[in-house]
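Peer 1: Predicted coordinates and the sequence they were generated for:
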Amino acid sequence: MRKAALPGWLYILFLTLLATATDEFVIAGVLPALADDLEVSVSAAGQLVTVFAVVYAVGAPTLSVICERFAKRTVLLVGLLLFVMANVAAALAPGYWFLMGVRAAAALCAAVVASAAFATAAAGAPEGAQGRYLGVVTAGMTAALFSGVPLGSWLSGAFGWRVTFWLIAAVAAVAALGLLATAPAVPGGAPAPLRERLAPLRERAVLRLVTVTFLAASGGLMFYTYLGPYTAEVAGGSYGLLSFVLFLVGAAGLVGALLSGRAVDSWGPQRSLRRVLAGHAIALALAAGLVSSGIGNRYLLTAVIACWAAFAWALTPPVQGSVLAAVGPVSGMTALSLNISGLYLGTGVAAAVGGAAVGTLGVAYVPVAAAVLMTLAFLLSPAAPRAQRAATQTPDSTSVTA
C-alpha cells in the first residue's frame, strides 16, 4: 500500500529545527570576523558556543517541565517568537557580553522549541509512522550542517557576521508563520503537582536511555570534532578534501536520519536503536583501522566517513521513539528534553576527551576512544521486548494521537 504523503506542517518543523540548529553551529564559521569586530580573542568568542550548549542542556528539561501543560502549538509559536527576538538582538549586539546574554536566551528558546517540535511530530503522526515523522524533524538538524551553516559562513564573509543572525531570525519567523497556519492541535498535559510533572526525570528507563544518548553523542561527536585532523592524518591536509568530507557528512547524515525513521516504523524503536549503535561502533572501528593501517586512499576514506555519518545521524529517531515508548505521550516533552540534554552534555565531553586523546596519544586514537564509548552505549541500550521483536509495528504506536 502506498504511504500517505507527509503533511505540510511536518516540513515546517523541519525548517524550525534547521533554524535552531544553524544558530547553534554557525558561530564556528564566523569566529574570526566576530572576534575582530567585538575586539576579543578567538578563544573568548568560542565561549559563545560553550554557553549556548550548556544553557541548552540545562534549560531543556527545566523549561519543558514548565511548558508540558501548555498546547504544543502555543509553546512552538511563543518559543519561536522569542528566538527571533534573541537573534535580532544578537545581530544588533553592541558588545561581547551583550551578545553572550542574548546567545543564552536564544539557547533557552531553542531548547523549548526543539522539545516541542519532537513531541508534536510524534503526537501528530498516524499509526505506524511515528519514526518516519521523527526522522524528518531530525533531518532539519542534520541539514543545518551542510546548508544553513555554510550559507551563514559565506554571508559573514561577504556582508559581515551580523547578517548571519538576521538570516536565522528570518528563517525562524517564516517557520513561526507556517506553524501558525498549519500546526496540528496537540494538547498539553493535564494540570498536575510538580512532583508528578517531574516523574519522567526519575524514570529508570528514561535515565538509561539518556545515558545511552550521552555516551553515543560523546563518541560520535568526538570523531566529528576532530574530523579535520583525522582526514589530514589519513589522506593529507587538502582544504578541498576536507570541504568535500564535511559536505559528505551532512548529506550522508541527512539520508541516515530519514532511513532511520523508516526503520523505527518497521522494527520498533529499541531494536532500531541497537542496530544503529552497533553500526556506529563498527564504522568507528573501521575509521580506527584505516588510520592505523597507513593506507592513504581518499576514496576509502570518504566511504568510511559516509558510513559513519549515516549511522551517527541515525541515532535520534530510535532513541526519541524509545523514550516516548517508556513514558507515553502525556509527559513526552519533558522526557524528550531530558534526552536532548544528554545529547548536548555529550557534545561538551566529546571535545574534552577527544582533545586529551589527541594531546597525549595522537589523532589516530580519537576513533578508538569514540568506538569504546559507542560500544558502551550499545551494551547499555535496552533490548527490544519479545513482543516487539515478533512484530513489525512500533510498540508505542497505539499511544500516538492523530
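Peer 2: Received the coordinates, thanks.
Peer 1: Residue 95 touches residue 38, doesn't it?
Peer 2: Yes. Using Cβ atoms under 8 Å, residue 95 is in contact with residue 38, at 6.4 Å. No exception for glycine: its C-beta is placed from N, CA and C like everyone else's.
Peer 1: Quick check on these two: which one has the bigger neighbour count.
Peer 2: Of the pair residue 95 and residue 38, residue 38 is the one with more neighbours under other Cβ atoms under 10 Å, namely 18 against 10.
Peer 1: Tell me the backbone dihedrals of the closest residue to the more buried one other than its chain neighbours, please.
Peer 2: Of all residues not flanking residue 38 in the chain, residue 96 sits nearest, at 4.7 Å (Cβ to Cβ, 6 or more residues apart in numbering). Main-chain dihedrals, residue 96, degrees, to the nearest 10: phi -60, psi -50.
Peer 1: Tell me how many other residues surround residue 96.
Peer 2: Count around residue 96 with other Cβ under 10 Å applied: 18.
Peer 1: Can you name the residues that contact it?
Peer 2: 38-40, 44-45 (Cβ atoms under 8 Å, 6 or more residues apart in numbering).
Peer 1: What distance do you get for it to residue 284?
Peer 2: 37 Å (Cβ to Cβ, to the nearest Å).
Peer 1: Contacts only, for residue 206.
Peer 2: 200, 323, 326-327, 335, 338-339.
Peer 1: Ok, residue 320 next?
Peer 2: So residue 320 contacts 118, 122, 134, 138, 269, 336, 339 (Cβ under 8 Å, 6+ apart).
Peer 1: so which of the contacts of residue 206 is the most crowded?
Peer 2: Of the contacts of residue 206, with other Cβ under 10 Å as the count, residue 335 tops at 31 neighbours.
Peer 1: I figured that one was touching residue 323, is that so?
Peer 2: Yes. Counting by Cβ under 8 Å, residue 323 is a contact partner of residue 335 at 5.0 Å.
Peer 1: so where is the stretch 101-250 of the chain shaky, pLDDT-wise?
Peer 2: 146, 148-149, 188-201, 237-240 (pLDDT under 70).
Peer 1: what do you get if the cut-off is 80, keeping everything else the same?
Peer 2: 142-143, 145-157, 186-203, 225, 228, 236-243, 246 (pLDDT under 80).
Peer 1: any idea where the helices of it begin and end?
Peer 2: 130-143, 149-159, 161-182, 194-197, 204-225, 227-235, 239-267 (DSSP state H, counting those that start in this stretch).
Peer 1: and residue 361, which of those is closest to it?
Peer 2: helix 227-235 (12.3 Å; Cβ to Cβ).
Peer 1: The closest one relative to helix 239-267, how many degrees between them?
Peer 2: Per axes from the mean of the first three to the mean of the last three Cα atoms, to 10 degrees, the angle that helix 227-235 makes with helix 239-267 is 110 degrees.
Peer 1: neighbouring contacts of helix 227-235?
Peer 2: Contacts for helix 227-235 (Cβ under 8 Å, 6+ apart): 223, 237, 241-242, 245-246, 249, 287, 290-291, 295-298, 301, 305, 358, 363-364, 366-367.
Peer 1: Please spell out the ChimeraX selection for the buried subset of the residues you listed.
Peer 2: Burial among the contacts of helix 227-235 is assessed by 16 or more other Cβ atoms under 10 Å; the matching ChimeraX selection reads:
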select :223,241,242,245,246,249,287,290,291,301,305,358,363,364,366,367
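Peer 1: After whichever helix or strand residue 65 is part of, heading C-terminal, what element do we hit next?
Peer 2: Assigned by DSSP states H and E, residue 65 falls within helix 42-67. Using DSSP H and E, the helix or strand that follows helix 42-67 in sequence is helix 72-91.
Peer 1: From the chain's centroid, how far away is that following helix?
Peer 2: Put simply, helix 72-91 sits 19 Å off its chain's centre (Cα atoms, centre = their mean, to the nearest Å).
Peer 1: Contacts for that helix, please.
Peer 2: Residues outside helix 72-91 that contact it (Cβ under 8 Å, 6+ apart): 16, 19-20, 23, 67, 98-99, 102-103, 105-106, 109-110, 112-113, 116-117, 119-120, 123, 162-163, 165-166, 168-169, 172-173, 175-176, 179-180, 183-188, 333.
Peer 1: Any quick PyMOL command for the buried ones out of these?
Peer 2: Command for PyMOL that selects the buried part of the contacts of helix 72-91, burial taken from 16+ other Cβ under 10 Å:
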select buried, resi 16+19+20+23+67+99+102+103+105+106+109+110+112+113+116+117+119+120+123+162+163+165+166+168+169+172+173+175+176+179+183+184+186+188+333
